[in-house]
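Peer 1: Below: sequence and its predicted model.
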Amino acid sequence: MNITAIKTHKITPKDKDIFKILDRYLPAGKAGLPKLKEKSVIAIASKIVSICGGRVVKIGSIGKDELIAQEAQYFLPRKQNKWHVALTIARDTLVVTAGIDESNGDGYYILWPKDPQKSANKIREHLVKRFKLKHIGVLITDSKTSPLRWGVTGFALAHSGFAAIKNYIGKKDIFGRKLEYTKLNIADSLAASAVLAMGEGNEQTPLSIISDVPFVQFQDKDPTKREIEELKIDIEDDG
């Protein structure tokens, strides 16, 4: 697997079109960057999708706690932990502050994209047409904490163009024992690798190309509703 992070200009609310950014920076044989090829995955930081989609709120115009309450399905108030960070569930994902971020926001709160899956689908369609390739994967990425672990890791907020789950249930391990629960989350694994390459600070690389991924099952279509739901565990079942 190879990951190439791509540097861009500083993306701000003045940028209104994610497709213009993709067309400007994704390589079509440009010097210094490998040409985009069949069966590649494009990882895009959710932050720039949100900025281009107008999902920003000027800091000071509304309280952060009020924003968290608006964006989260469930939340624990910030005052309940010593780090003063709200633990939330948003879009069926355990994250802090419902995905609301101030870093690299230049005075704005940046919310998650309004419809990350719709964005991923449209971006894949755009790239397929532009590069005249059949199999292109798209990831909308963000980062999250893990319980009892320091540091953030990337995860997939949305994906398109490939199977997100590899199911091992019913298959045998190397000693012939049948696997009962094992599923490999391809989307989150790719997103974690991409976020590692793109960085979390001032790297200014919100795009990356993931290539040479023989373990990814590409699909020349958007994920179905059923495929998206297969990624989730109902909160009542998550024991």
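Peer 2: Yep, it's here.
Peer 1: C-alpha only now, for contacts and for neighbours.
Peer 2: OK.
Peer 1: Grab the most central residue of this protein for me.
Peer 2: Nearest residue to the geometric centre of the chain (CA atoms, centre = their mean): T141, 1.6 Å.
Peer 1: Phi and psi next, for it.
Peer 2: When quoted as degrees, to the nearest 10, the phi and psi of T141 stand at phi -110, psi 160.
Peer 1: can you tell me which residues contact it?
Peer 2: Remark: with contacts taken as CA atoms under 8 Å, 6 or more residues apart in numbering, T141 is in contact with 43-46, 154-158, 191, 195.
Peer 1: at 6 Å what do you get?
Peer 2: By CA atoms under 6 Å, 6 or more residues apart in numbering, T141 lies in contact with 44-46, 155-157, 191.
Peer 1: Relative to I169, how far out is it?
Peer 2: Distance, T141 to I169, by CA to CA, to the nearest Å: 27 Å.
Peer 1: just K79 next, same as before
Peer 2: 42 Å.
Peer 1: end to end, how far does stretch 101-120 reach?
Peer 2: So stretch 101-120: terminal residues 20 Å apart, CA to CA.
Peer 1: Mind naming the longest helix for the chain?
Peer 2: helix 116-131 (DSSP state H).
Peer 1: I figured V41 was touching H135, is that so?
Peer 2: No. Applying CA atoms under 6 Å as the test, V41 and H135 come out as separate, 8.8 Å apart.
Peer 1: The two: which has the busier surroundings?
Peer 2: Neighbour comparison, V41 and H135: the larger count goes to V41, with 30 against 20 (by other CA atoms under 10 Å).
Peer 1: what's the closest non-adjacent residue to the more buried one?
Peer 2: Nearest residue to V41, sequence neighbours excluded (CA to CA, 6 or more residues apart in numbering): G137, at 4.2 Å.
Peer 1: Now do the closest residue to Y181 other than its chain neighbours, the pLDDT please.
Peer 2: Distance criterion CA to CA, 6+ apart; nearest residue to Y181, sequence neighbours excluded, is I169 at 5.7 Å. Note on I169: pLDDT of 96.
Peer 1: residues near I169, how many?
Peer 2: 12.
Peer 1: where along this protein do the helices fall?
Peer 2: Going by DSSP H, the chain shows helices at 18-25, 46-52, 64-71, 116-131, 186-198, 225-229.
Peer 1: what's the closest of the ones you listed to R91?
Peer 2: Closest approach to R91 among the helices of the chain is made by helix 64-71 (8.8 Å; CA to CA).
Peer 1: List the contacts of the closest one.
Peer 2: With contacts defined as CA under 6 Å, 6+ apart, helix 64-71 is touched by 97-98.
Peer 1: Kindly provide the whole-number mean pLDDT of that helix.
Peer 2: Averaged across helix 64-71, the pLDDT comes to 95.
Peer 1: related to what we said a few turns ago, so for the residue nearest to V41, what pLDDT did the model give?
Peer 2: pLDDT, G137: 98.
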